[in-house]
Structure formats: structure tokens, C-alpha cells
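Colleague: attaching a predicted model along with its sequence, questions to come.
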Amino acid sequence: MSGLIQDVQKQVWAACETICAGISEGNKTEDPIFELGIDSLGLAELLITLESQFGEGCISVDEVMEDPSVSAIVSLLLRKGIVESPSTQSKDLEPASPLIAEGKLSMLGGVDVAEMQRSSASAAPQGVNSWVRTTHVGSLPRPSGTSLEDIISKQIDAGVDWMNDGEWTRENYISDALSRISGIGGNVQTTGECMCCMPSPSDMHDVPMFARRFTGGNGLITLNPARVAKADVACTGPMAYINPESLFDSLQPFLDVIGSRDRSTCFWSVPSPGTLAVFCEDRHYGDYSKFAGALAEVLRLEYEAVAATGLVLQVDAPCLAMGRHTRHSALTDEEFQEVLRTNVDLINATLVNIDPAKVRVHVCWGNYSGPHHHDIEARHVWPHLLRLNARYISIEGANPRHEHDWEYFAKHVAAKFIELDKVILVGVLDTRSAHIEHPELIAQRLLQYVKVLGPGRVVASTDCGFATTGKSAAITEDIVWLKLAALGEGARIVRQRLVDVGAPEPTSLVYSPTGFRVVVFRDAEAEACPGATELICELAKRSWSLDVLPSGAGAQSGFEQLKYSLDTPMALVALGAQAATMACGVAQLLESDRSVSRRPHTIFTFGPQQPGAECLGAAPLEPEAAKAAAAEIQARMQRRMRFDKRQLTPSGSLLSPATPPSEVDVVVVGAGMLGLYMAVTLTRRGFKVVVLEQRMIIGGIWSMYANSHSQVNSSEGGYSLKDILGESGANRDHATAREMITDIGKLAKEVDASTCCGVKVVRIAKQGDGYMTISQTDHGGTHITSSRGVVLAINDRVGIPRQMTWAGQEEFKGIVTTGTNDNLAHVDWRGKRVVVVGMGAFAIENTRTALEHGAEHVTVVVRRHGTVCPKIIDYLNFVKPFDAEFQHDSTTNIKQMHQWSSLYRKSGATIPECWPEEIKHEGHTISVSDLWFVGHHMGKLCTKVATVDHFDAGGIHLSDGSRLDADIVVVCVGFIRNTHLCEKLTGSDTMKTTNYVDKHLMYLADAEIDHGAFNWFFGSSVLEYAKFFTEVYVAGLEHEEQVGEMLWGADLPTTKIQERKWSGFIAASSKLLKAKADGIPYFADAAHNQVEKRTRHFYNTLPPVAYVKSNEAEWVELHTRLNGGKPVPPELQLPYFFKDAASWCEPKAPLA
């Protein structure tokens, strides 16, 4: 027996040495395990090692914690009698076989991923869908001797982001299109009968002296009424599309020159039906609608041919404005409205088969020098333009007659008439004048639109083309290129003023909707209705998940099935009268159940109106009606989930930056979440505050960096503003970007009048016993604000995404981009092979987004494996009760670490190399994701330790010699930190670990979350950390004499600003809490109030029992979602390891 004891003791001791290499010879088996240097994670690893040697379940955490020593563990194993033959007991926790690898999904009857497509955001040209990019309307000078290669290279040199061929192969855009239409001009037998007068602008008739300057009589327009221009373009017979080869003869040289350039950053212009009708006289159809309709049918073929090349289609439509004072000058404005409606309808008819995101429409009042005093006002035109099935609308903004039109534009935006995905190409260059606009003037013109609509929806452009015909000579080539260079500089100025130097440029001012859940309640008679079946199929394509409940089951049964479906908003769709009754009953039960906080739900019914429901009319009987009904449900759900970031511009900064006040109590620099939290708290405590923000919108990293599908990397209650907002509800667990920015917007409204955007702080200097903050605005010069204190709430950890380029990247046929700022919002992930480079928070987020949206597989290429925890681990770190020293119970810590480690092994995900000695690598963040583990289990996800070596056309080659097929490569290799900003502003490179740089000068910013950051009351949540130190700052202001030395005293520990770590803040806060024993209660009271309030929030919105049930339900649904919407049998699912977790959260005392 003694030999067996020694054998077991050796095995247990060897396991301890493997986990903690620091065990010395002086240690004994009687020493407590924690004195050997083994922490909670290490002990969890030790138990797993022992289970692999002696059998699963051979020992429990509770048993070890009764006497945590090697000798006690040996005795326990012997007492249980399970080590008689240890060599035969070895049983490792083996990972389940990936479902895809063994073909198990096929036996599940998995549906085609494409059939279960979640509706994706509309596509946008890559490189254009960004902040204030540049383009022009189309025509460029075409001097003899110029080649197409010259035109392209000069556009690139001028900084044009979205280019075309300059209409180099065409005499003009009208005659080129007409050359492919029979029944017009020289395409009929007798040319003479096709001659017709070109339209003459009515304004030129009022200025005969000026009109005499124009001597030409053969252009597209009659500028001198005394010399009428004529052209061979009358319509004398039926029209048809002919000679399509000539279109490709024009297109092909352009396509050849742009080569491998992304065609979605290039465009090709074609006239609209109404525009051809302006220049062509109808002598055949006898009715404008019939004539223009025939032109539309012919042009539809041309439009679709251009779109098929991958180029963006530009529809030139001066008919929508210039048409009023030319061909239709005899009409009144009211009569012209009918023509406008017809012309817009005809444009939409030609675009019926083309993605609106691939279309831009140009509208102008005529590219000629003249008085333009007969132009129709923009306010009459805008309502019609908004009906165009095109994402991009090009308008005039530099023409002196229309430079004020942005005011009409602003009114339409304020009235929400402009769709959230419309992008405006603003003309900021006058194409009729030889003046080279100053870049500052261009920037001012752009800012008028940007401040109203947002920079993600404004493109800097020209009023019109520079050379409508090949003979145009009003503007010479040298002037054109100087103008375009000024355009690029003006756009750069705008970008620089809207974002910090070196900050990334968000692509969109609107967060796109995330997913929603559909529950269909169906009557028996509805089951036989083909329309009902089709509706269910269509809803399945548009939602995260879909359940069908028979109405006969009753409301209580439906409630029981849905009570823990908490993660997404629900659409309750009723098919039949009985079903509507059940849906309303379920909704009432959900609303009355206060045990958890839920996402909102909406009831949709067909037939008679039901109280509290949205009626969609008659029940769909045909497939098309069902498809339309599903689309309407989706649209209504998504409207509730959008967030327009225009709401983040303080009212005083809408049209011009506010001037900072000369004196306040506290200056807060930065209008991100932490700065606003500080400002609101100080304001409520009676201090006069000003918030200075360099950008034109508030929100910090959430408005600048987040993707539409970003979620908080922390449990909702541990990263929530609901307490300061006074709201009792909650966001979803791991709140979405839209939810966070909505709350930030609410917070900002409380200090709206005290927030100055467009203000750049350049220096903070001592001034007596306080400070002077020196700032600059675009047009107001330098300002000085005196204050008692300053809070620097400026982010320095998330800057420009690191840009990486590799050999062969230009040959790659797929997409390569960073995974931030909604750069991938337009991507269709379905069936794609995705490679994510990096393993930080954004890498994990983009992995989740890709798989949730139907990617075939994701490979994450890493230098080393970052730490990922399931959602419940993060939840437990906030909800588990703390002791008096704000420490968690060791036993439950070990239990959760044990289950976490077991989950890693069972799922097949690779355990971080730093385990068990450290929980994460130095400099890494712990990411939170259930999908990480389920995805590994299902074979949808894997990691490879390597670096990218080079690209080829279809994938990437790695440093280990392997190759990965890829359609999309997402580069998430971190950010270039703005580490010197605090030092630059304050002149100091050190600070106290209490967050003070000096007296009443606090640097409230994120720091490196190092190894000692997790077992403390504010955990690793930057918001919880900020809440505590906000109270610290207030205490310093209110009780300066009593606590000053504790906060900024000379003898306090200091740290380099660039080297500050989370553990330093924890040590400093711990010392502040102990001051209560010395009669200074402010800090300890603040911490206890914070924890009690947070815990109460968790228990009121998602208590532990409900959380575990909800999380387990989501766990199962993840398998279904990754299996294309088909349920995975329980025996093939990754087991849920945390069924007992609720018992670990029992509070030490009853909650108030």
C-alpha cells in the first residue's frame, strides 16, 4: 500500500510542477496548494490533469477546498479507491469530432445557407463608402493627343477616389446613346426629316446682349436664340435597341486600362430617358409619356449591360431640373411636377434589375454660363429625387444660383424625408468658371452638408461635367486638373476637422439593424394556405431564428417556450384570428413577467385590426404577396433597430462650432462615454462644466470605430449607463453598438448646452491654483478657458487600425480590409471562405459576424492564441458576491475556471499558450464569445499559428508553408496608439496611480488590462472603473483639504503615462477604500454603492437562474444558426458546462 501511496503522490506532485514551475525543493506535500504558487486557474488545471489520469469525476472542487494540499488530495484519491491501477484509468476530456469534418451535418438535413440568408445591408462601392471621398460628374476635356491612360493617371494624381473614362471615347453622352437606338436621327431612311432645334434656356431670352456672345449653332443647346442650334436627332419612328457592340467598343478600352482596380470605384455615365426626351423632338408617338416610356425600355438594356461589367452606373438626369427651363419652359412649376414624377418613374423602370447601391443619378440645372434666374427651386425638386432607386444622388452646390440649396436639403433631413442609406454627391466645384476654388471654400461648402447629413453620406464632387461635348472649351484642361486637386485638398480638410489626426474614418453615419427573432402563430386553417407557407419561408430568410407555434397550444404554453428568448427583438406574427388572440396573450404574459428584462417585441396580424398589434392588411394568398408581407415585417423591425448618428451632434454645433466659455469649474476634454459620464455627474453635483470635443459628433470610440454588429465585450450590467439615466430596463446582454450609442446620446442631451464640438484642445497649463485650457476652432481662432480642474477623457489605445500589405495582394480577387468602422457592412458573407488575421476583440467580433451571416468557414491566423471566455464567465465575475475586501469566493472561482478549461478541451478550441501560469498573454484582451467554442465544435472555425507570407488570386500563403483558400481577408492586427496626447497637452510624462496628473487634473482613460485585473469590484470594465474614479474626482473637489494628499500627493506611487496598468488602479483604489477606517468614508461608500446598484440591476433584469436558462437556450440556438437554420440533435451538440452556475451566485445577504 505504501508503494501505491508513493506512486499517487508522485503523480499529483508532478502535475503540480507542470502547472507551476516555481515549486521549490523546500515545498512539502502538506503545504497548501495556494502557497505553492497555484492560483484558481492553476487549481482548475490540476483537477483536469488528475481527471485525465485517474478518471473523470475522481475529485471535486469542494472536496479539494476542504484541505487544499497534495497530501490531502492523495488521501482523498486513495479513500475513494479509484487509483488501484492508475495506468488503466487515464481518460482525457477529448474534444468532440467537428461535425463538418465527419460529414455529420449532411445527416442533419442541413439546408443551403443561401436559403437561410439573413438580410444584409445594401452594398456600397468599396473605397467610396467612407468619409468625404471625391469624384466628379463625368466629362473631362478631351484634347487631341491625350490617351485614355493619361486621363486615368491624371485623375489618380489629382486624388479622385471615384473615377471614370472622362467620356474620352464619346463626342457627347447624348449622341453616343442615340447611336444605339433605331427610329432616331440618321438611323431612319431620310436624314433631313430628323433635324430638330436644340432646346433654348428661357433665361437666355431675357439677356440678349449676353446671349450674343455665343455664336455656335450646332451644339446640344441653343444659348443664342438668334442662332438656333440644330441636330439630326428627331424621333420619326418606333425605337429599338440596336448595335450593342458599339457600347462595348467604348467600354472595353476603359476596362482594359483600369485593369485589376476595383470596378465599384469606377463609373460610367448614360443619359436618362427624360434627358434624351429633352434633346430629341418626338414626331412619332405624339404623347410625352409614351415617347419617354419607349426611351426607357430601350435604355434599360443599355443600363443593364453597363451594370453587368461591375462598373457603377451613373444616370445623367438634367431633365429633373434643367428640363423645366428648356424643353418644358412653357409649363408652370405645378405642371412640371407631373413631368418630374414621370421622369423619376421612368428612371426607376430602367433600373428595375439593378442594385440601387450600384447606381448614382446626376441632377443639374444645365452646364452653361448664363443667369439661371428661371431655374426651378430645389425645394420643388427634392421630394422627387428621394424616390429614385439609387443610393447616390449628385446635385449642384457651387452654382451661385443654388449654393443656398443646402438649407432646403437640411429641412428634408430634419423631416426625415431622406432615406438613411442615401449618399449625396455634392457639387462643390463650379464647372463653368475658370476660378480655382480655394480648398477652404470647398471645405466650407462640404461642411454645410456634412453637418446636416453626416460625413459618411457626403461625397465631394463637381456641379456637372467639365466638357459636355468633345468640342467644349469653356474650361481648359490645365484648369480642370487644378480644380480637381483643390477638390481633394478641400475634402482632406473636412476629414481632418471631423476626426482626430490619425483617427480612422468611419464609413457610415448609421448603424445598420442587427438580427431579430420571428415567432409565427398559426391557425389550423392557415396551415393549408400556400401564402402562409411561403410567408414562413420568407421570414426564415430574413430573421435570426424562426419558431412556428400552433394557436391551439394556448398563450401560457407559448409564453413558457419564449420566456428565455431574450437576446433579440421578437416579431410575433399571427396567421388567423385565433392565432392573433394567442399572440396578444403571449405578449401580455411577456410584458407582465418582470423576472427578466427583454428586448422589445412587435405583434403583426392580418385581417381585422387587433389592439396593440400592427395590421398588415389581408392575409397573403400568393407567393408574391407573402414575399411583400415578409419584407414589410423586416422593414418595420429594422426601423426600430436603426440608429442615426446625426443625433450625436449637439444642437449648438449643428451649423457651426460652439465657442468655449471663458470660465468654468471643470473642463472635460473628450465627449466619449467616460467624458459624458463625468460631465453629467459633475453637473448634477452643482459644478459648472464644459465638454470640449474635437469631432463634430460625440460618442468617442462607439461612434468612430464600432461596426453595426459590434457588441460590448462585457455583460450588460457591467457596462451599462442605465443607472445614471435612471432607467429600470436593460439592453441585451453584451449590448449592441446601437443600444450603447443610444444610451450615450441620451446622456449627452443632459449636457447638450455645455458641449462644444469642433474644438481642438492644444494645451493645458497651470494658472494659479487652477488651469487654463487653450483650444482652437475652425473659424473662431484660439480660446482660453479658465477652470479649477480638468478631466482628460481621451482615448489613446484605439487609433488607426494597423495597415498591413503583403506581396501579391493586388492579385487577390477577394476583399481585403480592416474589420472596423463598418468597412464590411456591404459584404455578403454567404458561403464565403473567410480568413481573419489577428486575435484581438475586433478579430473575434468579425469571426462572429461572418459565421452568423452564413460564412462557410473562418480560419483565424494568429501569432499566439488569445484568451476567449464564454459569456457566462464574464457574467459571473460581476454577479458573484464579493466579500468585505471585494474578493470572490475561491471555491466558485475554481469551479468556473474548471468548467471553462473543460469547455476549451471539449470544443477543440486551442487553449492559450500562457495557461495555466497566466490567464492571458501580456497586452492581450480577453474576448467574450460563446460562438468561438460552438464554432470550433461544429468545424466552422479553426485557428492557425502562423503569419501571412503572400497572396495569390484565390487565397493566402502562410509562413508555415500552408495555403488557405479565401474570399474575404479581415485584417485585425491592432491599432496604432495615440500614446503621447496626454503628455503633449499637459507637459508631464508621469501620473499618480490614482489617475491624477496633478491637483484636480485627472487622466480618465483606459489602460492595459494586465494579469491582476480581474478579481476586483470594477473588474476589467472601463465603464465601471470610470464610475468609481468619477466619484473619486468629485470627492477631491468637495473635500480637497481632507483627501487631496491621498489623490495627488507628492509621495503617492507614480507611473509613466504610457505604461499605466489596470493593476495599478486596483492597488490605488484598494488603498482609498481602506481610508474609511481613518474616518474618510467617501471612497469605500462609493464602491459599495456602485456594487450594490450594479448587483441590483443584474437581479432585476437578468438574475442568475434566468441567465443560465437563457444562455443555455442561446447555446442550443447557436448550433442551429451555424447549421444553416436546421436544429442539431442534442447528442451532437457541444455540452453546456454551466448548468450549476446560478448556485455560485447566491448573495451573502439579501438584496435590498
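Modeller: Nice, thanks for sending it over. Numbers count the residues shown, from 1 in each chain.
Colleague: all helices for the stretch 951-1100 of the chain, in order.
Modeller: Assigned by DSSP state H, counting those that start in this stretch, the stretch 951-1100 of the chain shows helices spanning 981-986, 1022-1038, 1040-1048, 1062-1073, 1082-1101.
Colleague: mind listing the strands for the stretch 51-200 of the chain?
Modeller: Secondary structure of the stretch 51-200 of the chain (DSSP state E, counting those that start in this stretch): strands located at 181-184, 195-197.
Colleague: residue 866 contacts residue 924, correct?
Modeller: Yes: Residue 866 is within contact range of residue 924, at 4.9 Å (criterion: Cβ atoms under 8 Å). Yep, even glycine has a C-beta here, placed from its N, CA and C like the rest.
Colleague: joint contacts of those two?
Modeller: 839, 840 (Cβ atoms under 8 Å, 6 or more residues apart in numbering).
Colleague: neighbour count: the two, which is higher?
Modeller: Neighbours were counted for residue 866 and for residue 924 using other Cβ atoms under 10 Å; residue 866 has more, 23 against 20.
Colleague: secondary structure class for the more buried one?
Modeller: Following DSSP: H, G, I helix; E, B strand; the rest coil, we place residue 866 in the coil state.
Colleague: how much space separates it from residue 392?
Modeller: Residue 866 sits 40 Å away from residue 392, going by Cβ to Cβ, to the nearest Å.
Colleague: count of neighbours near the spatially closest residue to residue 767 that is not a sequence neighbour?
Modeller: Counting by Cβ to Cβ, 6 or more residues apart in numbering, residue 767 lies nearest to residue 786, which is 6.1 Å off, once chain neighbours are set aside. Residues near residue 786, counting by other Cβ under 10 Å, number 15.
Colleague: so where's the stretch 1-150 of the chain uncertain?
Modeller: 1-2, 21-28, 81-131, 144-145 (pLDDT under 70).
Colleague: go again using 80 as the cut-off
Modeller: Judged against pLDDT under 80, the low-scoring parts of the stretch 1-150 of the chain cover residues 1-7, 17-41, 43, 52-53, 55-57, 79-131, 143-146.
Colleague: circling back to that earlier point, tabulate the strands of the stretch 51-200 of the chain (a markdown table), appending distance to residue 481 and mean neighbour count.
Modeller: Shown next, in a markdown table, are those (distance: least, Cβ to Cβ, whole Å; neighbours: other Cβ atoms under 10 Å):
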| stretch | distance to residue 481 | mean neighbour count |
| --- | --- | --- |
| strand 181-184 | 34 | 21 |
| strand 195-197 | 35 | 15 |
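Colleague: low pLDDT regions in the stretch 801-950 of the chain?
Modeller: 801-803, 819, 821-826, 916-917, 921-924.
Colleague: what segments of it are strands?
Modeller: Remark: strands assigned in the stretch 801-950 of the chain by DSSP E, counting those that start in this stretch are 815-818, 833-837, 857-862, 868-869, 927-928, 941-945, 948-952.
Colleague: so can I have CSV of those showing mean neighbour count and distance to residue 235?
Modeller: Formatted as CSV, the strands of the stretch 801-950 of the chain follow (neighbours: other Cβ atoms under 10 Å; distance: least, Cβ to Cβ, whole Å):
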stretch, mean neighbour count, distance to residue 235
strand 815-818, 20, 45
strand 833-837, 24, 52
strand 857-862, 22, 56
strand 868-869, 24, 67
strand 927-928, 22, 65
strand 941-945, 19, 61
strand 948-952, 18, 52
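Colleague: would you reformat those strands as a markdown table and include distance to residue 559?
Modeller: Formatted as a markdown table, the strands of the stretch 801-950 of the chain follow (distance: least, Cβ to Cβ, whole Å):
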| stretch | distance to residue 559 |
| --- | --- |
| strand 815-818 | 44 |
| strand 833-837 | 38 |
| strand 857-862 | 36 |
| strand 868-869 | 32 |
| strand 927-928 | 29 |
| strand 941-945 | 35 |
| strand 948-952 | 51 |
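Colleague: nearest to residue 603, of those strands?
Modeller: strand 927-928 (32.8 Å; Cβ to Cβ).
Colleague: how far does the closest one sit from its chain's centre?
Modeller: In this view, strand 927-928 has its centroid 18 Å away from the chain centroid, taken as Cα atoms, centre = their mean, to the nearest Å.
Colleague: list the pairing partners of it within its sheet, with orientation.
Modeller: Take DSSP bridges as the rule and strand 927-928 pairs in its sheet with strand 868-869 (parallel).
Colleague: got the contact list for the partner strand?
Modeller: For strand 868-869, contacts defined as Cβ under 8 Å, 6+ apart pick out 844, 900, 909, 926, 927, 928, 929, 932, 933.
Colleague: ok, which of the helices of the stretch 951-1100 of the chain comes nearest residue 388?
Modeller: helix 1022-1038 (42.8 Å).
Colleague: how about the nearest residue to residue 627, chain neighbours excluded?
Modeller: residue 538 (5.2 Å).
Colleague: residues near that neighbour, how many?
Modeller: For residue 538, the count of nearby residues is 20 (other Cβ under 10 Å).
Colleague: other SSEs contacting whichever strand or helix holds residue 306?
Modeller: Using DSSP states H and E, residue 306 maps to helix 288-308. Judged by 3 or more Cβ pairs under 8 Å, 6 or more residues apart in numbering; DSSP states H and E, the packing partners of helix 288-308 are strand 235-241, helix 245-258, strand 267-271, helix 273-279, strand 312-316, helix 333-350.
Colleague: circling back to that earlier point, got a list of what the residue nearest to residue 767 touches?
Modeller: 662, 663, 664, 767, 770, 771, 772.
Colleague: are any of the residues you listed buried, and which?
Modeller: Neighbour-count burial (16 or more other Cβ atoms under 10 Å) applied to these gives 664, 770, 771, 772.
Colleague: mind checking the SS state of the last one?
Modeller: Applying three-state DSSP to residue 772 yields a three-state assignment of strand.
Colleague: across the sheet, point out what pairs with it.
Modeller: residue 765, residue 786.
Colleague: so what's the nearest residue in space to residue 887 that is not next to it in sequence up against?
Modeller: Spatial nearest neighbour of residue 887, chain neighbours left out: residue 1015 (5.9 Å); criterion: Cβ to Cβ, 6+ apart. Residue 1015 makes contact with 887, 888, 893, according to Cβ under 8 Å, 6+ apart.
Colleague: pull out the buried members of these.
Modeller: The neighbour-count test (16+ other Cβ under 10 Å) marks 888, 893 as buried among these.
Colleague: all set now, cheers.
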